[in-house]
Structure formats: structure tokens, C-alpha cells
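[1] Provided below for reference: sequence and predicted model.
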Amino acid sequence: MQVIVVVLLLPSVFSRLITHDYCVLGAGPGGLQIATFLEETGRDYVVFERSQEPGNFFHHFPRHRKLISINKRFTGRMNKEFNFRHDWNSLLSQNELRFFHYSQDFFPHADDMVKYLQNFSSALSVHYSKEIRHIRLKSSQDAWHGHYFVLEDQREQEHTCKAELHLGHLNDERDIP
Ligand SMILES: Cc1cc2nc3c(=O)[nH]c(=O)nc-3n(C[C@H](O)[C@H](O)[C@H](O)COP(=O)(O)OP(=O)(O)OC[C@H]3O[C@@H](n4cnc5c(N)ncnc54)[C@H](O)[C@@H]3O)c2cc1C
């Protein structure tokens, strides 16, 4: 009987032990960019994405499926920095994975952005189908700023983070509507 009680308690105990230094909400271009910097600097991080793939926005928008961020493959210049500044679609990374390898069109198809973001995210720690429904602070003297962020997903699993990076706006109660 005692063994059964211990086994039943294990999942809830483990769910409260999932801790990362950095939690990033959303695997859009913004989330993937910050995740890349964290990955390249060897940080302990995780990205939570509610959909099953990165770049959820570009699965649906723009509705007409042509990006408004032009694909300027030719600038007439050889300067790498100059050319990168005119590249409106690529993210920054040490592997220099560039969007223009995915489309030759001046106004690229949005699906090409989805493919690019899928490849870009493959080396990153992204947890898909994790919708963060609630965020609260938990006081702790061990935490960097005196508190941890406790993120609760749609399955009521809790993820403890020392720092939380999000791209939207949260209200004062730290709730996600
Ligand atoms: C109509 C329209 C057309 C646009 N066209 C272009 C274009 O052609 N080119 C361009 O560069 N930009 C375009 N943009 C701008 C584009 O939306 C942004 O550049 C880009 O999507 C911003 O990236 P992001 O990562 O900040 O946010 P998003 O791309 O919105 O990513 C947010 C991610 O967070 C996830 N998420 C949200 N809430 C939660 C939660 N609670 N838990 C877990 N995950 C969550 C979402 O599923 C999503 O994947 C357009 C915008 C609009 C409105």
C-alpha cells in the first residue's frame, strides 16, 4: 500500500521540479531569436509554444500568403554587414542560416518563412503544444530577484523559471488572459 501511494505522488512531485534559468514564451521569430542567443551562450532555457510548430503566425498570416518583408537577395554590394542589414527575413545566428536560401521571390510565400523557422528552430530547446495559461511569482531567497516565475500550462503542469522572457503584454496580476 505504501509503495502505491509513493508512485501516485511521483508525477506531481516531478512536475514541480522542472526548473530552468530562462523561460521564453512563444516560438515566433522573436522567441526563436532570443532562444538562439541563450543557446549560443550555453544558458539553461526552454521555449514554450502553444502550437505544434514554430512560426504559428505565419501559418495563417498574411492571408494573401505573400510576405510584405521583401527578399532582397541582391544589393549590388559585397559588404556582408551591409547585405545583412538589408535582409529583412533572416534571424541572427552563428550558423548564419539565411532566409534567401528558402525563396528566390522578391515577395516570398509565407510558407517559406514557416519552413525557414522550422529549420532555424531545430537546434533549439522548444516545447510544443505547451500553452502557458497562468504565471505567478513564488518568493524564494535562492532566486535571482527574490522570486521564481511559476508558469502553468494547459495540463496544469508547473514550470519554474528564474527569469521569464515574453513577447506580449501581461497584466499586473501576471495572468495571461
Ligand atoms: C497582417 C500582418 C502581416 C504581416 N506580415 C509580415 C511580413 O510579411 N513579414 C514580417 O517580417 N512580418 C510581418 N508581420 C509582422 C509579424 O507578425 C511579426 O514580425 C512577427 O510575427 C513577430 O514575431 P513574434 O515572435 O514577436 O510574435 P509571433 O510571431 O506572434 O509569435 C508569438 C508566438 O507565441 C505563441 N504563443 C502565444 N501565446 C502563447 C502562450 N500563452 N503560451 C505558449 N505560446 C504562446 C504563438 O503561438 C506564436 O507562435 C505582419 C503582421 C501582420 C499583423
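    Perfect, thanks for sending it. Predicted model only: the values in this text are computed from it and were never measured. Numbers count the residues shown, from 1 in each chain.

[2] Which residue is the nearest non-sequential neighbour of Ser125?
    Val46 (5.3 Å; CB to CB, 6 or more residues apart in numbering). C-betas here are computed from N, CA, C, even on glycine.

[3] Tell me, how many residues neighbour the one you found?
    Applying other CB atoms under 10 Å, we find 21 residues neighbouring Val46.

[4] Any figure for the gap between it and Tyr116?
    Counting by CB to CB, to the nearest Å, the separation of Val46 from Tyr116 is 22 Å.

[5] pLDDT value on Met1, please?
    In this model, Met1 is scored at 44, pLDDT.

[6] just the one 4 residues further on next, same as before
    Per-residue confidence at Val5 stands at 39 (pLDDT).

[7] and what of the one 3 residues further on?
    Residue-level confidence at Leu8 comes out at 41, pLDDT.

[8] now Gly168
    46.

[9] ok, now Asn89?
    With respect to pLDDT, Asn89 has a value of 97.

[10] mind checking which helix or strand of this protein has the lowest mean pLDDT?
    Here the helix or strand of the chain ranked lowest by mean pLDDT, DSSP states H and E is helix 2-15, holding a mean of 43.

[11] C-terminal to that helix, what's the next element?
    Using DSSP states H and E, the helix or strand that directly follows helix 2-15 along the chain is strand 19-25.

[12] ok but Cys161 is inside a strand, no?
    Yes - per DSSP: H, G, I helix; E, B strand; the rest coil, Cys161 lies within a strand segment.
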